[in-house]
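Peer 1: Any chance you can model this:
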Amino acid sequence: MSGPVPRLELSDPGLFAGYDPRSVERGIRYAADGRVELIDVGDGWATADVAGTRPTPYEVDISWSVTARGVSVADDCTCPLGGSCKHAVAVIVEVARHTNASVGIAGGSRRTTSATGLAASRPGPTWRTAFDRLRSDDERAHTPLALQFTISRPRATTYDPAPAAQVLVRPMRPGAKGKWVKSGAGWREVTSGYAWELRSVDPDQLAAIQRLAAGYRELSYSSGSTAVPLERFGPGAWPVLRAAVDAGVALIDGRGQETVTLASDPATLAVDLVATDDGLAVSTGFVPGAGTTVHGEDQLFTIGRPPHGLFTVHDTRLELIPLDRPVPAALAELIGGPPVAVPESDLDEFLDEVHPRLSRVATVGSSDGSITVDATELDRLVVRIDHHAVDAARLEWWVRYRRGERISTFPLRHPGGVARDRSAERDLVQDVELPTDLLDGLVDVSGRPADVSVHGPDAVTLLTRVVPWLLDRGQVDVELRGDAPELREASQDPLIALNVTDPDASDGSGTDWFDLSVDVSIDGEPIEFASLFTALATGASVLILPSGTWLNLDRPELDRLRDLIDEARGLLEVDDSGSIRLNPFQTDWWEELASLGVVESQSRRWADNVARMQALSAPEPVDPPAGLAAELRHYQQDGLDWLAFLHRNRLGGILADDMGLGKTVQTLGLFLHVLDQDPDARFLVVAPTTVVANWHRETDRFAPGVEVVTIRETEARRGTSLTEAVGDARIVVTSYALFRLEFDQYRSIDWEMLVLDEAQFVKNHTSKTYQCVRRLEATTKLAITGTPIENSLMDLWSLLSIVAPGLYPDPRRFSEVYRKPIESGRAPDRLDTLRRRVTPLMRRRTKDEVLTELPPKVEQTVDVELSARHMRIYQTQLQQQRKKVLGLVGDVQRHRFEIFKSLTILRQLSLDPALVDAEHDGVGSAKLDRLLEDLTQVVAEGHRALVFSTFTRFLTRVKARLDDAGIGYAYLDGRTRNRERPIAAFKDGDVPVFVISLKAGGFGLNLTEADYCFVLDPWWNPAAETQAVDRAHRIGQDNTVVVYRYVSTGTIEEKVMELKARKAALFASVMDADDALTGALDADDIRALIDLPS
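Peer 2: Next comes the predicted model:
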């Protein structure tokens, strides 16, 4: 220890805190009487002899240190007290006096003595003592340690009335006289590692005892020198005790004698099986190891709960015996008790379940040889297949063991089964081959056999392919269980039978419906329709019948049946029994269905209906009516034949001929044909307001002998009721708005036919006008339109729901079955199906097909570049509108008005910035400049031109520029009162240019006098543009029609052209070709228009 010697100050109140007052008083007297002889004094320690009452002095060792609380002193004395005695106090006082410490004791004086003075006042140490500390630790003799073992019998308590004897243990060290003492070597000092008394002990011995102490976690600093039960150190104490003995630690008894031994070989728990008349007696005990000195009559006591060691006392010696393994708590309770009886009836269970467990923890034998237990051995892998439901099965893997003649099986993947050899099982499993290519799930991710439950097709695969495969290989035993019928593949093709009947009149359904039942059987066994359709709809590969017969569903006729039933489920009423409610328009669907099977029966009415619908493809020709003042072209005559057939069979239809092919004259021919047979028939034509007058004019021209009346005002304005206004007229023409307003009056009149001209006006099936059209009663209804589809397939549904009610009753189902799959491009086959379904009820011819003599139409897109100033204004607004729309496009329906307002602003800016802000009036319009340049040349060459724009305000600017240029023109928009005047002015050649708003010029105009068309701003509805342009490109046109479409580059107009092209594909794909298609203007379209991120 380096540094100055800690000073002992006797005035420190804590110096003698560990001593009783009598010992302090006597110790001071002993020091005053000169009874203390200091043998050696070091830094913080001292050794001395103190003369007491016996002849030989007591050897006293003290040590001290200075802490924050004062001086702390430890001592050891050879007197009977062992320390904390008057002898130690005397040494403290003497050391304090010789180290110049304060001796302020009751009137004592203080003096100071130098170190040399101290040396001169007492004899110095011997030379051996003085130089002993120069030796190394290896050269210096070490003090040994010991472990003291004593036997204690705890007191009986209520909880433990007969407590077992305990072995207590504590460390010891040699005292000054060579005897073993506990002071300075207790558990506290051993675990602390810095006790002064243990400064010279053997480090290996100390380490061994410290490891022993570490095994008892509850051993606390306060345990001191207290003896602790050995059992609390746990099973790990035994190898530590052996290491301590090997390190030289003495094992002593309570008298300090080395009479304690540690057995070199452990004892073993033994279980003895003895046969009895009633079964088996099981006894437990211990067998000492070969290295013990236990005699037969010695009693063995256990150490630990549960036991992990034993001890025995013979003569005066204590022997400690470790166990080769701890005893399970369940067996510990049986040790020393009476034998456990096992009835003969339970013997197999005991040998199967308990004996293997006992063998793992004890030596099991039969002392009298009355019991011989055969070894349990792994026999074989077993596949157990439970087939309790006809369409389901479960495969489980088991292992079979044999013990003599006894067989036991255990789930392979379950930990149960105590006698199992896991290593042998792994080897057995590793060698097994499995048909994983036949059935998924036979092995887990690690490649081990796995239990699996299968249904439907997989059940068939398991039972008809996997099981034979396993049996053929012979590597495993296969056990089939269950009472389900054996599976058998059908030997014949399925038979599809169809029956059509008239509905029961009492059900109130009327006569417009027919009941169809679909029955399927296989090998004479009927198949439940619901299960068959479910299997087909889910794409199942097989169908299992209750008898066990299974049918491979991978058949073309069943695939087609699935498609047809799926279509019917989406559109019609289909119940789980296979009963389907048909309407007269669904004969095409019926014919496809009938081609798959046998029509066992059908009602006469249904057969007649089918025949009529089949005749629609080639209707019976009719003679042109005598009153028709026109010579019909060949295709127009075909159209009249078709319309007459529809009417004769009380069917509605859609006349969807290309614009300019004479749909009006064909319809008037139909009116005359019907009037020839029924002179009292009355026809109602509902058309856009701008076309009403044209119908009157065309009727006068082509059917001059028929009275026609046009209703252009409400009753409040005309002053007469509708009945009075109609009078005896056979043809009544009105607008959609007036029809809606006076619907109740219209429905009070008997109508032979309702004709909807430009029928796309009622495409919104949620509008009131649509509802009125649906509710009006008429023998037949005819829709006339060149564009039955403008934005979405739902436009077509709206028209079909009017002219052929019941064909597709539910718009939501139609959307799910047709619109979404077709418009998304996911199901092109549905497009072909839809065409087939609607073809009988819709007639469409294009100009390219039927008017080979019609001059060509040349269309050209003219790119117009904006001025730099104009483009800057556009880009500024584009950023503002982008930011605005970005926050709205997530919910197009809710924010449709605001979104279209932003798009309209950008479209107007692409034309002329003054349309958005009058401050930009001086910027100019590149389109107007280009238009005037082109028109000047066209007019100069003697051509006539139509000029179209969506925006009437822009047309106002067009008129101003034409006025400035001196070019004459006529003008027409939706607000023009007298439409006939500007039309006549242009047709009669008074002016060379006709300026028309796109909407107003789309219907009812025949302007074949023009051979040039200028479309100033593109619109994303291609049908609207086509209708306008075809005012010129139609029957009667002798010249090539040239169409110029102006597109401002770098603006939204370029995006509109792209969108328009996609929408044109929608129309063509349904009506003409097989192109890809898109739907109505949606969020993605809006993003594309202004380059928003998707």
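Peer 1: contacting residues for the nearest residue to residue 550 once chain neighbours are set aside?
Peer 2: Of all residues not flanking residue 550 in the chain, residue 544 sits nearest, at 4.6 Å (CB to CB, 6 or more residues apart in numbering). Glycine gets a C-beta too; all of them are placed from N, C-alpha and C. By CB atoms under 8 Å, 6 or more residues apart in numbering, the residues touching residue 544 are 390-391, 456, 459-460, 487, 550.
Peer 1: Least confident secondary structure element in the protein?
Peer 2: helix 115-121 (a mean of 32; mean pLDDT, DSSP states H and E).
Peer 1: which intervals of the stretch 451-600 of the chain have sub-threshold pLDDT?
Peer 2: 498-517, 567-600 (pLDDT under 70).
Peer 1: all helices in it, in order from the N-terminus.
Peer 2: 457-461, 467-473, 529-537, 556-571, 587-594 (DSSP state H, counting those that start in this stretch).
Peer 1: quick check, nearest of the contacts of residue 544 to residue 355?
Peer 2: residue 459 (41.0 Å; CB to CB).
Peer 1: My read is that the closest one contacts residue 395, right?
Peer 2: No - contact between residue 459 and residue 395 fails when scored by CB atoms under 8 Å: they sit 10.1 Å apart.
Peer 1: which one of the helices of the stretch 451-600 of the chain is the most hemmed in?
Peer 2: helix 457-461 (a mean of 21; mean count of other CB atoms under 10 Å).
Peer 1: Return that one as CSV; C-alpha atoms alone will do.
Peer 2: Extracted in CSV, the C-alpha atoms of helix 457-461 (Å, rounded to 0.1, in the frame of the first residue of the first chain):
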residue,chain,number,x,y,z
PRO,A,457,-59.7,-30.4,-57.8
ASP,A,458,-56.8,-30.9,-55.4
ALA,A,459,-58.9,-33.6,-53.6
VAL,A,460,-59.2,-35.4,-57.0
THR,A,461,-55.5,-35.0,-57.6
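Peer 1: shaky segments in the stretch 301-450 of the chain?
Peer 2: Checking the stretch 301-450 of the chain against pLDDT under 70 turns up 416-419.
Peer 1: which stretches of it form helices?
Peer 2: 329-332, 347-349, 355-361, 422-430.
Peer 1: Take the ones you listed and write them to CSV, including distance to residue 154.
Peer 2: Listed next are the helices of the stretch 301-450 of the chain as CSV, based on distance: least, CB to CB, whole Å:
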stretch, distance to residue 154
helix 329-332, 18
helix 347-349, 40
helix 355-361, 28
helix 422-430, 44
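Peer 1: what's the closest of the ones you listed to residue 561?
Peer 2: Here helix 422-430 is closest among the helices of the stretch 301-450 of the chain (CB to CB), at 45.7 Å.
Peer 1: Tell me the helices and strands packed up against the helix or strand hosting residue 171.
Peer 2: For residue 171, the host element (DSSP states H and E) is strand 166-174. Secondary structure elements in contact with strand 166-174, counted by 3 or more CB pairs under 8 Å, 6 or more residues apart in numbering; DSSP states H and E, are strand 146-152, strand 180-181, helix 187-192, strand 228-229.
Peer 1: need these in TSV with mean neighbour count, mean pLDDT and distance to residue 982, can you?
Peer 2: Output for those, formatted as TSV (neighbours: other CB atoms under 10 Å; pLDDT from 0 to 100; distance: least, CB to CB, whole Å):
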stretch	mean neighbour count	mean pLDDT	distance to residue 982
strand 146-152	19	92	127
strand 180-181	21	88	134
helix 187-192	20	82	116
strand 228-229	16	90	121
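Peer 1: so which of the ones you listed comes closest to residue 738?
Peer 2: Nearest to residue 738, of the helices and strands packed on strand 166-174 and by CB to CB, is helix 187-192 at 109.3 Å.
Peer 1: Follow the chain on from the closest one and name the next helix or strand.
Peer 2: In N-to-C order, the element after helix 187-192 by DSSP H and E is helix 203-214.
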